[in-house]
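S.K.: Attaching a predicted model along with its sequence, questions to come.
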Amino acid sequence: MNQIDLSMIGSSWVDVFNRLPFLSELHLSSCGLSGSISSGPGIINFTSLAVSDLSFNSFNSKFPSWFTNISTFSNIDLSYCDLYGHIPLGLGELPKLKVLNLALNNNLSVNCHEMFDKGWKTIEFLGLSGCGLHRKLPAYIVSNFDLSMNNVTGGIPSFSNFDLSVNNVTGGIPSSMGKLCYLKNLDLSSNSLTGSLPAFLQKSQICASIRPLPSLLYLRLSNNQLTGNLPDWLGELDYLVELGLNYNMLRGMIPSSLGRLSKLTELGLAGNELNGSLPESLGQLSELIIFAVSSNKLTGSVSADTSLSGFVPKWFWDISSNLSLLNVSHNQLQGQLPNPLKVAPAADVDLSFNIFQGPVPLPVAGIKLLDISFNQLSGPISPNLDLLMPDLIFLSLSSNKLDGRIPDSIGQMFSLQVIALSSNKLTGGIPSSIGNCSFLKVLDLENNLLSGHIPHSLGKLSHLQSLHLSSNQFSGELPLSFQNLSSLETLDISNNSFSGKIPP
């Protein structure tokens, strides 16, 4: 009955279905249900109920603690239900429970030590993202999940999903996590984890593989406070598809062992304190789609020829042709960027805040975002931008050494929302064709050598919110069409030679 509108029946549905003792599955996701479900029926007749999916309803209720009395449960999904209060500890003692998903009930709360103190003998999927978990993960947590025998089947439980993201879990990551033979997704992102990643992971004698976490596909530990170096065991996760360690306090060099992760599609190391060069072994990551190493202390120079030069060799640009996100911003990389720039169609390319030199590189395929601001690029802006990047949304070339005129063809890039060309040596006037960029929100041309009158066509930019023209050589009056800029929030025309009155 998923997605059937039951918004008019209030909480009476509990008593209605309680009259069906042989009901085995209850699917009421996204049915508009509301009202308290905390008290439950007086006498529980759900003697056969195995599956209960009540996700995406707005109960605004305390957690239904009576669920712990239904021993037949194998699957409980109460995600996105506006539940509040304490998560009952008895859930872990349900003898057949395999799937528990309570994700994003932001007003729930439970102590990790109490939650995982005992039970969970049959659990396979545990989704507790955004559920108010706090305190440390107990070191013995893995013994509950993987080393206990399954009382139902007599086998080893296939615990595959452990998601505690967006909580307030503290402490470190137990090295015993390596014993989880069947774990596919480990997500502890957006918590308050501290300390370093374990230097080694414990291995289980029960696992068929001698490697730790032999089934792991997704390791997500971003947005914590982890410190220390990246351990070599990361390169032993043979099936890993996503490695997310963004925005921690990790330091040291990127280990060459990461180059062995042949199935990796997403590598996120941004926002740390990593230094040194990109290891050559990363050139073996032929499946990589997202490469994010921004806001570190990486150094070295780049090469566009066939030889290795410095610390960022040609292989880096070879793998970039698969990337939908290329972000190496806020580092200390230098050298001339390859031209043309190999990236995947519709990619986001952020090379800002480095020391790159040479002309503005043009992509081989149309991209959505190009940010090469705060570098040392020089020369003119290509007049063929519209042909090579017709669907570009964000263009930032600010704070370089670009000269020449702003090409008229920029007005043929109809999807542009941001044009940022400030702090260069651009000359000439503002092309009237920019008035054709009807979705433009930001136009930043300040601190150049631009001159002439402001074109009336800018008044057609009804979505423009920010216009920066300061520190140029503009003259004449502001066009009357500026009174049509109904969305304008910021106007900076200082340090020019304007005359006349500001349009009403």
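M.R.: Everything's here; your move.
S.K.: right, and residue 161 touches residue 128 too?
M.R.: No - in this structure residue 161 lies outside contact range of residue 128 using CB atoms under 8 Å: 10.3 Å. Bear in mind the C-beta positions are built from the backbone N, C-alpha and C, glycine included.
S.K.: Mind checking which of the two has more residues around it?
M.R.: Taking neighbours as other CB atoms under 10 Å, residue 161 and residue 128 compare with residue 128 leading, 27 against 19.
S.K.: where's the more buried one relative to residue 421, distance?
M.R.: Noted for residue 128: a distance of 47 Å to residue 421, by CB to CB, to the nearest Å.
S.K.: how deep is the nearest residue to residue 214 once chain neighbours are set aside tucked in, by neighbour count?
M.R.: Closest residue in space to residue 214, ignoring its immediate chain neighbours: residue 207 at 5.8 Å, by CB to CB, 6 or more residues apart in numbering. When neighbours are defined as other CB under 10 Å, residue 207 has 19 of them.
S.K.: is it true that residue 207 touches residue 201?
M.R.: No - shown here, residue 207 and residue 201 do not form a contact pair, counting by CB under 8 Å, at 11.4 Å.
S.K.: burial count for residue 279?
M.R.: For residue 279, the count of nearby residues is 15 (other CB under 10 Å).
S.K.: Over the strand or helix carrying residue 291, what's the mean pLDDT, rounded is fine.
M.R.: Taking DSSP states H and E as the criterion, residue 291 maps to strand 290-292. Across strand 290-292, the average pLDDT comes to 92.
S.K.: Same question for stretch 5-21.
M.R.: Model confidence over stretch 5-21, given as mean pLDDT, is 83.
S.K.: Pull the number of nearby residues for residue 240.
M.R.: 23.
S.K.: That one and residue 287, how far apart?
M.R.: On the measure of CB to CB, residue 240 and residue 287 end up 11 Å apart.
S.K.: Would you map the strands across the stretch 351-500 of the chain?
M.R.: Secondary structure of the stretch 351-500 of the chain (DSSP state E, counting those that start in this stretch): strands at 355-358, 369-371, 376-379, 394-396, 401-405, 418-420, 425-427, 442-444, 451-452, 466-468, 473-476, 490-492, 497-498.
S.K.: Between these, which one is closest to residue 321.
M.R.: Taking CB to CB, strand 369-371 is the member of those nearest to residue 321, at 15.8 Å.
S.K.: got the contact list for residue 85?
M.R.: When contacts are counted by CB atoms under 8 Å, 6 or more residues apart in numbering, residue 85 touches 38, 62, 63, 107, 108, 109.
S.K.: just checking, residue 292 touches residue 246?
M.R.: Yes - counting by CB under 8 Å, residue 246 is a contact partner of residue 292 at 6.5 Å.
S.K.: what touches both of those two?
M.R.: With CB under 8 Å, 6+ apart as the test, residue 292 and residue 246 both reach 268, 269, 270.
S.K.: any idea how far the residue nearest to residue 214 is from residue 81?
M.R.: Taking CB to CB, one finds residue 207 at 36 Å from residue 81.
S.K.: and which of the contacts of residue 85 is nearest residue 25?
M.R.: residue 63 (21.2 Å).
S.K.: mind showing which ranges of the stretch 301-450 of the chain have poor pLDDT?
M.R.: Along the stretch 301-450 of the chain, segments meeting pLDDT under 70 span 301-315.
S.K.: quick revisit: partner strands of the strand holding residue 291, with direction?
M.R.: strand 266-268 (parallel), strand 325-327 (parallel) (DSSP bridges).
S.K.: chain center to the first one: distance?
M.R.: The one in question is strand 266-268. Put simply, strand 266-268 sits 10 Å off its chain's centre (CA atoms, centre = their mean, to the nearest Å).
S.K.: Could you do the last one as well?
M.R.: Its chain's average C-alpha position is 12 Å from that of strand 325-327, according to CA atoms, centre = their mean.
S.K.: right, and the helix or strand after it?
M.R.: Following strand 325-327 toward the C-terminus (DSSP H and E): strand 332-336.
S.K.: Paired strands for that next one, with orientation please.
M.R.: Sheet pairing for strand 332-336, using DSSP bridges, gives strand 297-301 (parallel), strand 355-358 (parallel).
S.K.: May I see those strands organised as a markdown table, with mean neighbour count and distance to residue 364 added?
M.R.: A markdown table is the format used below for the strands paired with strand 332-336 (neighbours: other CB atoms under 10 Å; distance: least, CB to CB, whole Å):
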| stretch | mean neighbour count | distance to residue 364 |
| --- | --- | --- |
| strand 297-301 | 18 | 22 |
| strand 355-358 | 18 | 17 |
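S.K.: Please name whichever of these is nearest to residue 7.
M.R.: Judging these by CB to CB, what sits closest to residue 7 is strand 297-301, at 53.6 Å.
S.K.: Poorly predicted segments of the stretch 51-200 of the chain, please.
M.R.: Residues of the stretch 51-200 of the chain meeting the criterion pLDDT under 70: 143-157.
S.K.: can you pull out the helices in it?
M.R.: In the stretch 51-200 of the chain, the segments counted as helices under DSSP state H, counting those that start in this stretch are 112-115, 141-145.
S.K.: that older thread, redo the strands paired with strand 290-292 as JSON lines? Include mean neighbour count and distance to residue 122.
M.R.: Below are the strands paired with strand 290-292 laid out as JSON lines (neighbours: other CB under 10 Å; distance: least, CB to CB, whole Å):
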{"stretch": "strand 266-268", "mean neighbour count": "22", "distance to residue 122": "31"}
{"stretch": "strand 325-327", "mean neighbour count": "23", "distance to residue 122": "39"}
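S.K.: The ones you listed: which one's closest to residue 344?
M.R.: strand 325-327 (8.9 Å).
S.K.: residues making contact with that closest one?
M.R.: By CB under 8 Å, 6+ apart, the residues outside strand 325-327 that reach it are 270, 289-294, 320, 343, 347-351.
S.K.: Test my guess that residue 263 contacts residue 287.
M.R.: Yes - between residue 263 and residue 287 there is a contact at 6.0 Å, judged by CB under 8 Å.
S.K.: circling back: distance to residue 372 added to the strands paired with strand 332-336, as a markdown table?
M.R.: Shown next, in a markdown table, are the strands paired with strand 332-336 (distance: least, CB to CB, whole Å):
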| stretch | distance to residue 372 |
| --- | --- |
| strand 297-301 | 16 |
| strand 355-358 | 7 |
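S.K.: Ok, which of those strands comes nearest residue 436?
M.R.: Between residue 436 and the strands paired with strand 332-336, the shortest gap by CB to CB is with strand 355-358, which sits at 29.9 Å.
S.K.: Just the C-alpha atoms of that closest one, please, in PDB.
M.R.: Once non-C-alpha atoms are left out, strand 355-358 reads as follows in PDB (Å, rounded to 0.1, in the frame of the first residue of the first chain):
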ATOM      1  CA  ILE A 355      50.300  28.400  -9.100                       C
ATOM      2  CA  PHE A 356      49.400  27.200 -12.600                       C
ATOM      3  CA  GLN A 357      50.800  29.200 -15.600                       C
ATOM      4  CA  GLY A 358      50.200  29.500 -19.300                       C
END
